[in-house]
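fold the stuff below for me.
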Amino acid sequence: MIKKRVLTFFTFLCFFLSFQCLIAQENQENKILLSKLLPSIQKQYDVVFSYVDNTLDTVVVTPRKKIISLQELLDGFEQETNLRFTIINERYIAITVFIDQIQELDEVYLTEYIASGISTNRNGQITVKPKNFSILPGVTEPDVLLTIQALPGISSVNETVSNINIRGGTNDQNILLWDDIKMYQSGHFFGLISAFNPYFLKKITVTKNGTSAQHGDGVSGMIQMDLDAHVNDSLIAGAGLNLIHVDGFGKVPLNKKMEVQVSARRAITDLLETPTYAIYFDRIFQDTDITNNNQETNRTTTTDRDFYFYDVGAKFIYDISKTENLQFSFLNIFNDLSYTEEATLNNRQLTVNSGITQRNLATGLTYFREWNPAFSTQVQLYTSNYNLEATNFNIADNQRLFQENDLADSSIKFHTKYRIDENFTVESGYQFSEIGITNIQDVSNPQFRSERKDVMRNHALYSEVHYFSDSYRTMLTLGFRANQYGKIDKFRWEPRLSFRQQFSNYFSVLVLGEFKSQAISQVIDLQNDFLGVEKRRWTLANGTSIPLIESKQASVGVQYTKNNLLITAEAYIKDVDGITTRSQGFQNQFQFVNAVGSYTTYGIDFLFNKKWYDLNTWLSYSISKNNYEFSSLNNGNSFPNNIDITHNLTLGATYSWKQFEFSLGSYFRTGIPNTTVGTPEVTNGEINYNAPNAATLENYFRTDFSSTYRFTLSKKKKIYSKIGLSIWNIFNQQNVLNEYYNLDNDVVSQIQNRALGITPNLSFRVDF
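Next up, the predicted model:
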């Protein structure tokens, strides 16, 4: 009954949004968003625009059908809008607002990067704007955490979005911010789908180095997901579905000062078992309690599997005045799996129910005030609560195991921004956060219960100064962050650096550096944690067995762009200290060892991107070396990291023809390190392993295809639709993601986890 009501709600939401859009978009028939015109203007006149990111969100202009000079085009736009177009030099043009005489230029460097909607800015960050996103191979929708894996230096060794590896780091070393709120759950379907509805987001920013001093944690990288901060001029909405889920969103202005935004997405997996769902299910639940129970010893079978997920987001925006703004954000992410196990023991038919739920509930309140054109302040409060619960019955042993991982994060942040003059800006602030984590394990037979709760309070002061030369050829940010970790009584001083020098209209150099730390990480106590699906649990540093994680990173990069050709190369070195073997997922001789160590990774990220009219091609390549160093393991000698990938290559192309888009790409990477078994296989009742990570798995190779067709349902009402087809791994390559060994009655068995085979998906979307 509840499922039917939820489905009815989604259907009603889609129809409601459609009806509202038909009413709201009667005007502006001949105009188009300026942001959509800029890429073609840049290509036609060989120029680059820089502007504050939200300046063009709602600005519409009339397209010029006749060929005119660049100056005439800009003059026309100035007459039609309240924008000023300042030609800095023969190639760079700054867009500012007339009413704000000292509005600073954002670091947006509007260079299309791999695909439409993906751009790189002046300080090396990558920005993805879902509303401008076209397609990538195997991806027709802008799945946040799947899309960024196409970028050099970013990958996922187990092919999930919940395990993003940025320059050799584990997923828990990334900080995920949704509307500036820290998130601790990133995936639906236990990692195969991003937990964040991309159509509700304004932009996603990925930082690999040179992080702003106002952000702590995330020693490997940061992923920011921003929502709208101000009221839109008109209603914006959309709805869609694919073979996994259905979604809808709406941004509804209540008046000129207030707006309500809503987003909802729900799986159809418990209502309809599609081919895509079946492939996903087999992939994510291989070698888990759900699929490993049909054994001769107990003859247990699994029935009535029921799985679904949903996420619901909302935001209220109140533009109190031209200088004041209030925002309230809400997000609820939920996954649920339940199944029934049946077995016959002693001529008795036994039936038990097992299951797992996973949730991240977040709320945030932000108040912004501009006291004068040079000085502004912002106050933010948020809470983010993560909960993971699993109940697992073992019929043969008459045992019930209950596990829970609960996290509560609360924070208050005060931020100031002062513009000294046209060249210098200073940003400073203070942040207080409190994180409490509870881990529970309860066994019924024999009776055992373990419950541990830890709390960490952190105070942080930060400040950074931004310098922009008059020509904007030189940009420098120097900052620091001072962290005081209460529980372990440790102080950390963390400098940050971002420097960019442009030597010509086409060539520039970027230097980045940072010190970072984090007191929270994930550990793996047993390989069967949480039914074998979610093997990681959050935990806090205690200063001894789980120390504070500290990192140092430096990089130097170059960028060349001319005539629709973009070439970038960035060399880096990163050292991360304070990691534990329990956080690395060892499945060899170190699986049950608790040791503290470090890893060092260094390499080069390279990108070649060339466009010819409607054809866009790219080659992304990373070469790196990533080694562990544990003084108490392997005789103190370094050995390869579990996620050491020496070579990672992506080759792709996208072609546009009328309303069609086609994209084809291949992904290749060397196999990850692996520990093999020696001869004899068993010694003293234990597996006789060879040297740790001395071998590698087979190389990984995959080719993906995607295509979309766009059409107009109503030109007058501006209602647009898109049909998409994607095929993941079109050659059905049997890639091995992981390999390990089990010992049972002195017999060693090899277990392999395989990647997705050929996986098709269809999508349909309507946008207003």
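
all strands for the stretch 251-400 of the chain, in order.
Under the criterion DSSP state E, counting those that start in this stretch, strands of the stretch 251-400 of the chain are mapped to 258-267, 301-318, 324-345, 348-372, 375-394, 399-419.

repeat that for the stretch 551-700 of the chain.
Counting by DSSP E, counting those that start in this stretch, the stretch 551-700 of the chain has strands at residues 565-580, 596-612, 615-629, 639-640, 647-657, 660-669, 673-674, 677-683, 686-689, 695-696, 700-714.

the third one pairs with which strands?
Paired strands of strand 615-629, with direction, are strand 596-612 (antiparallel), strand 639-640 (antiparallel), strand 647-657 (antiparallel) (DSSP bridges).

can I get those in TSV including distance to Leu271?
Every residue, glycine included, has its C-beta placed from N, CA and C. Output for the strands paired with strand 615-629, formatted as TSV (distance: least, Cβ to Cβ, whole Å):
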stretch	distance to Leu271
strand 596-612	41
strand 639-640	45
strand 647-657	34
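
could these go into CSV alongside mean pLDDT, distance to Phe711 and mean neighbour count?
CSV is the format used below for the strands paired with strand 615-629 (pLDDT from 0 to 100; distance: least, Cβ to Cβ, whole Å; neighbours: other Cβ atoms under 10 Å):
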stretch, mean pLDDT, distance to Phe711, mean neighbour count
strand 596-612, 95, 25, 19
strand 639-640, 97, 51, 20
strand 647-657, 94, 14, 18
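
before we move on, the earlier item: deepest in the core, which of the strands of the stretch 251-400 of the chain is it.
Highest mean neighbour count of the strands of the stretch 251-400 of the chain: strand 258-267, a mean of 21 (counted as mean count of other Cβ atoms under 10 Å).

hmm, Glu80 is touching Arg64, no?
No - the pair Glu80 / Arg64 is not scored as a contact, 10.6 Å apart, by Cβ atoms under 8 Å.

may I have the beta-bridge partners of the residue lying closest to Leu619 once chain neighbours are set aside?
If the residues on either side of it in the chain are set aside, Leu619 comes closest to Phe608, at 4.4 Å by Cβ to Cβ, 6 or more residues apart in numbering. On the basis of DSSP bridges, Phe608 is bridged to Ile567, Leu619.

ok, Phe608 - contacts?
566-567, 618-620 (Cβ atoms under 8 Å, 6 or more residues apart in numbering).

can you give me the helices in the stretch 151-300 of the chain?
Here the stretch 151-300 of the chain has its helices, by DSSP state H, counting those that start in this stretch, at 275-284.

so where is it shaky, pLDDT-wise?
For the stretch 151-300 of the chain, applying pLDDT under 70 flags the ranges 289-300.

let's see it at 90
Along the stretch 151-300 of the chain, the parts satisfying pLDDT under 90 run over 151, 160-163, 189-192, 203, 233-234, 269-273, 281-300.

center of this structure - which residue?
Leu145 (3.7 Å; Cα atoms, centre = their mean).

tell me the SS of Ile148?
Recorded secondary structure, Ile148: helix (DSSP: H, G, I helix; E, B strand; the rest coil).

is it true that it touches Gln224?
No - applying Cβ under 8 Å, one finds Ile148 not in contact with Gln224, separated by 11.3 Å.

gap between the residue nearest to Leu619 and Gln261?
Phe608 sits 38 Å away from Gln261, going by Cβ to Cβ, to the nearest Å.

and if you look at His188?
Distance from His188 to Gln261, by Cβ to Cβ: 21 Å.

and if you look at Leu381?
Counting by Cβ to Cβ, the gap from Leu381 to Gln261 is 19 Å.

quick one: pLDDT of Ile395?
On the pLDDT scale, Ile395 is placed at 80.

all further residue positions should be reported with the first residue as 733.
Sounds good: first residue 733 from here, last item Ile1127.

tell me if I'm right that it and Val1084 touch.
Yes - counting by Cβ under 8 Å, Ile1127 does reach Val1084; the two are 6.0 Å apart.

joint contacts of these two?
By Cβ under 8 Å, 6+ apart, Ile1127 and Val1084 have these common neighbours: Glu1073.

count residues in the vicinity of Arg1434, would you?
Per other Cβ atoms under 10 Å, the neighbour tally for Arg1434 reads 21.

make sure it is actually in contact with Gln1466.
No - at 10.6 Å, Arg1434 does not count as touching Gln1466 under the criterion of Cβ under 8 Å.

what do those two both touch?
Common contacts of Arg1434 and Gln1466, defined by Cβ under 8 Å, 6+ apart, comprise Ala1487.

low-confidence bits of the stretch 1083-1232 of the chain, can you list those?
Residue ranges of the stretch 1083-1232 of the chain with pLDDT under 90: 1083-1086, 1105-1106, 1124-1133, 1153-1155, 1176-1179, 1200-1205, 1219.

rerun that using 70 as the cut-off
Along the stretch 1083-1232 of the chain, the model assigns pLDDT under 70 to no residue.

again with the stretch 1333-1482 of the chain
Within the stretch 1333-1482 of the chain, no range satisfies pLDDT under 70.

now with 80?
Residue ranges of the stretch 1333-1482 of the chain with pLDDT under 80: 1447-1449.

beta partners of Met954?
Assessed by DSSP bridges, Met954 has beta-bridge partners Ile907, Thr939.

and it, how close does it get to Ala1301?
Using Cβ to Cβ, Met954 is found at 22 Å from Ala1301.

the two: which is more packed in?
Met954 (23 against 16).

hang on, the more buried one packs against Thr939?
Yes - Met954 is within contact range of Thr939, at 4.4 Å (criterion: Cβ under 8 Å).

pipe the strands of the stretch 1283-1432 of the chain into TSV and attach distance to Leu924 per row.
Converted to TSV, the strands of the stretch 1283-1432 of the chain look like this (distance: least, Cβ to Cβ, whole Å):
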stretch	distance to Leu924
strand 1297-1312	26
strand 1328-1344	26
strand 1347-1361	22
strand 1371-1372	27
strand 1379-1389	20
strand 1392-1401	16
strand 1405-1406	23
strand 1409-1415	30
strand 1418-1421	31
strand 1427-1428	25
strand 1432-1446	15
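
between those, which gets nearest to Ala1094?
The minimum distance between Ala1094 and the strands of the stretch 1283-1432 of the chain falls on strand 1297-1312, with 26.9 Å, by Cβ to Cβ.

how far does that closest one sit from its chain's centre?
Relative to the chain's own centre, strand 1297-1312 is displaced by 18 Å; criterion: Cα atoms, centre = their mean, to the nearest Å.

list the buried ones in that strand?
For strand 1297-1312, burial by neighbour count (16 or more other Cβ atoms under 10 Å) applies to 1298-1302, 1304, 1306-1312.

not counting its neighbours along the chain, what's nearest Ile1088?
Ala1122 (4.1 Å).

so who does Phe922 touch?
Shown in contact with Phe922 (Cβ under 8 Å, 6+ apart): 892, 894, 1016, 1067, 1069, 1090, 1265-1266.

which two in those residues are spaced the farthest apart?
Farthest pair in the contacts of Phe922 (Cβ to Cβ) is Thr892 and Leu1069. Separation: 15.8 Å.

hang on, the earlier thing: next, format the strands of the stretch 983-1132 of the chain as JSON lines and append distance to Gly1456.
Shown next, in JSON lines, are the strands of the stretch 983-1132 of the chain (distance: least, Cβ to Cβ, whole Å):
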{"stretch": "strand 990-999", "distance to Gly1456": "16"}
{"stretch": "strand 1033-1050", "distance to Gly1456": "20"}
{"stretch": "strand 1056-1077", "distance to Gly1456": "24"}
{"stretch": "strand 1080-1104", "distance to Gly1456": "28"}
{"stretch": "strand 1107-1126", "distance to Gly1456": "32"}
{"stretch": "strand 1131-1151", "distance to Gly1456": "36"}
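
out of those, which is closest to Gln774?
strand 1131-1151 (28.0 Å).

could you point out which element follows that closest one?
Tracing the chain C-terminally past strand 1131-1151 and defining elements by DSSP states H and E, one meets strand 1156-1175 next.

and that following strand, what's buried?
Neighbour counts over strand 1156-1175 (16+ other Cβ under 10 Å) mark 1157, 1159-1161, 1163, 1165, 1167-1171, 1173 as buried.
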